[in-house]
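>>> I would like to see how this sequence folds:
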Amino acid sequence: MSDISSLTQLLRQSGAQIRFFDMGRRVQKLSADLFEKIENQQTPYPSPYLQHAWIALMLWNPKNKEQGVAWFLKLPLDEQGFLIQAVRDDLLNRLLKNAGGILQMEEGGEQPEDALKDNPFSFKPDQEKMALFHAYSTLTSSQPASQYYEHAQQYFAGQIGFDQWQSLGYQGIADLVVRHEKGSNAKILSKAIPLLPDAPFEVLCTCIESIEPNHELFDALALRTEQTLQKASASANHIAAITRGLSNARNTPRKTELIGKIIDSDYALEPEVIVAVATRCNESLQEPVILQKFLEKLAVGKAGQAGFSRILSDLMFIPVLRALILMQFRNEERSEALSKAIGEMFGSDFK
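Coordinates of the predicted model:
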């Protein structure tokens, strides 16, 4: 055991099938090769959230898929977004003490003991992310979806009545969205989007953020977004949900235009909406025009100076955004409000 120098080595030695997921800004797959580079400080964590890497690990016995375990790790990052090596080493040492429980998986023994019990780096995902993780984990390991999946299919196909959404389970919606490429699921969802009441539509959007919607699904979301913005009568929570639904679509001119319209609107003055843009629309914020609009709206929004500073502190842990934000801070055409907010955050002598 003494020759094990990385978490990746320990996991591979277990003989288990392993899958990694990012659980920070959204639930998304993380390749094992990328994770190995991250833990060896060869590359920064690609999507830090609140200065941490939020990681889920699936381990299961290839001979018995029902025998498995999920670990959830919250690992602090340095200012450049790299995993702090001392943290990785501490975590590895703690796990090595429980190596018997980990390594017995390859022998087909009992369910591995909780190797993260009382571990300071473990966390419990919220219900929303746990549902999406469960949907991905069953799909990845070729296990059936939850008992709520079929009911969700029937609801979004219009077989129950769109006003009967109270009986829907979040897990069923997550299963359906994660399996959007199966059968006619994407078509079912696309046809339902224009007809859904606000409540189930908002939940659907919070699930769609964790997939890359296909062209048909994105078009349905985009059309509803345009209609909602034209009416200008939606709640801030509703616009925040729409923003999340659009956020992981491919970067196209239409998507850029929609995110820009949301930021241009008075909705973006509301903390819920500007936080949704900040935490989910990282790729869109790499567009200079979008980033400039975002910073200007954030400077005058209802989140105030505290919100301005917290949101930007988080975004500046993403290396590419840090450089772009600093460029915008030095833009001589920035407004007085933005200049004042920058001064409050960094000091009046910021250059």
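>>> need the nearest residue in space to Gly68, chain neighbours excluded.
Residue nearest to Gly68 in three dimensions, not counting chain neighbours: Trp60, with 3.1 Å by Cβ to Cβ, 6 or more residues apart in numbering. (C-beta placed from N, C-alpha, C; glycine too.)
>>> give me the three-state assignment for the one you found.
strand (DSSP: H, G, I helix; E, B strand; the rest coil).
>>> any idea how far Ile290 is from it?
Going from Trp60 to Ile290 by Cβ to Cβ, to the nearest Å gives 41 Å.
>>> between the two, who's got more neighbours?
Trp60 (22 against 19; other Cβ atoms under 10 Å).
>>> Leu11 is in contact with that one, correct?
No. If you go by Cβ atoms under 8 Å, Trp60 and Leu11 don't touch, sitting 11.7 Å apart.
>>> I'd like the distance between the closest residue to Phe123 other than its chain neighbours and Leu204.
Nearest residue to Phe123, sequence neighbours excluded (Cβ to Cβ, 6+ apart): Lys74, at 4.3 Å. Separation of Lys74 from Leu204 (Cβ to Cβ): 28 Å.
>>> quick one, which of these two is more surrounded?
The neighbour count for Lys74 versus Leu204, taken as other Cβ under 10 Å, is higher for Leu204 (23 against 19).
>>> need the contact list for that one.
Ile173, Val177, Leu189, Ile193, Leu196, Gly245 (Cβ atoms under 8 Å, 6 or more residues apart in numbering).
>>> same question, Pro125
Counting by Cβ under 8 Å, 6+ apart, Pro125 touches Met23, Ala56, Phe72, Phe133.
>>> what's the neighbour count on the last one?
Under the neighbour criterion other Cβ under 10 Å, Phe133 is assigned a count of 21.
>>> I figured it was touching Ile55, is that so?
No. If you go by Cβ under 8 Å, Phe133 and Ile55 don't touch, sitting 11.0 Å apart.
>>> list residues touching both of those two?
In contact with both Phe133 and Ile55: Phe21, Met23, using Cβ under 8 Å, 6+ apart.
>>> part of a strand, is Leu75?
Yes. Counting by three-state DSSP, Leu75 is found in a strand.
>>> what's opposite it in the beta bridge?
Note on Leu75: beta-bridge partners by DSSP bridges are Ala53.
>>> can you list the residue ranges for helices in the stretch 1-150 of the chain?
Ranges of helices within the stretch 1-150 of the chain are 7-13, 32-39, 85-97, 99-103, 127-140, 149-156, based on DSSP state H, counting those that start in this stretch.
>>> can you list these in a markdown table and add distance to Ala299?
What follows is the helices of the stretch 1-150 of the chain, written out as a markdown table (distance: least, Cβ to Cβ, whole Å):
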| stretch | distance to Ala299 |
| --- | --- |
| helix 7-13 | 41 |
| helix 32-39 | 33 |
| helix 85-97 | 34 |
| helix 99-103 | 49 |
| helix 127-140 | 30 |
| helix 149-156 | 40 |
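>>> least confident of those, on average?
Confidence, taken as mean pLDDT, is least for helix 99-103 of the helices of the stretch 1-150 of the chain (a mean of 55).
>>> now do the host helix or strand of Leu189: distance to the chain's middle.
Per DSSP states H and E: Leu189 is located in helix 185-192. With Cα atoms, centre = their mean, to the nearest Å as the basis, the distance from the averaged C-alpha position of helix 185-192 to the chain average is 22 Å.
>>> please indicate which of the contacts of Pro125 are buried?
By neighbour count, with 16 or more other Cβ atoms under 10 Å, the contacts of Pro125 hold Met23, Ala56, Phe72, Phe133 as buried.
>>> inside strands: which ones of the residues you listed?
Ala56, Phe72 (DSSP state E).
>>> which one among the buried ones among the contacts of Pro125 gets closest to Val320?
Checking the buried ones among the contacts of Pro125 against Val320 with Cβ to Cβ, the nearest one is Met23 at 21.1 Å.
>>> for Glu36, see how far away the closest one is.
Separation of Met23 from Glu36 (Cβ to Cβ): 18 Å.
>>> before we move on, what about Leu258?
Relative to Glu36, Leu258 is positioned 37 Å away (Cβ to Cβ).
>>> could you do Ser190 as well?
Going from Ser190 to Glu36 by Cβ to Cβ gives 38 Å.
>>> how near is Leu95 to Lys117?
As judged by Cβ to Cβ, Leu95 and Lys117 stand 11 Å apart.
>>> let me redo that: Pro62
For Pro62, the distance to Lys117 - Cβ to Cβ - is 25 Å.
>>> in terms of neighbours, single out the busier of those two.
Neighbour totals were compared for Pro62 and Lys117, and Pro62 leads with 13 against 10 (other Cβ under 10 Å).
>>> the contacts of Leu204 into a markdown table, with extra columns for pLDDT?
As requested, the contacts of Leu204 are exported to a markdown table (pLDDT from 0 to 100):
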| residue | pLDDT |
| --- | --- |
| Ile173 | 98 |
| Val177 | 98 |
| Leu189 | 98 |
| Ile193 | 98 |
| Leu196 | 97 |
| Gly245 | 98 |
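>>> done for today, thanks.
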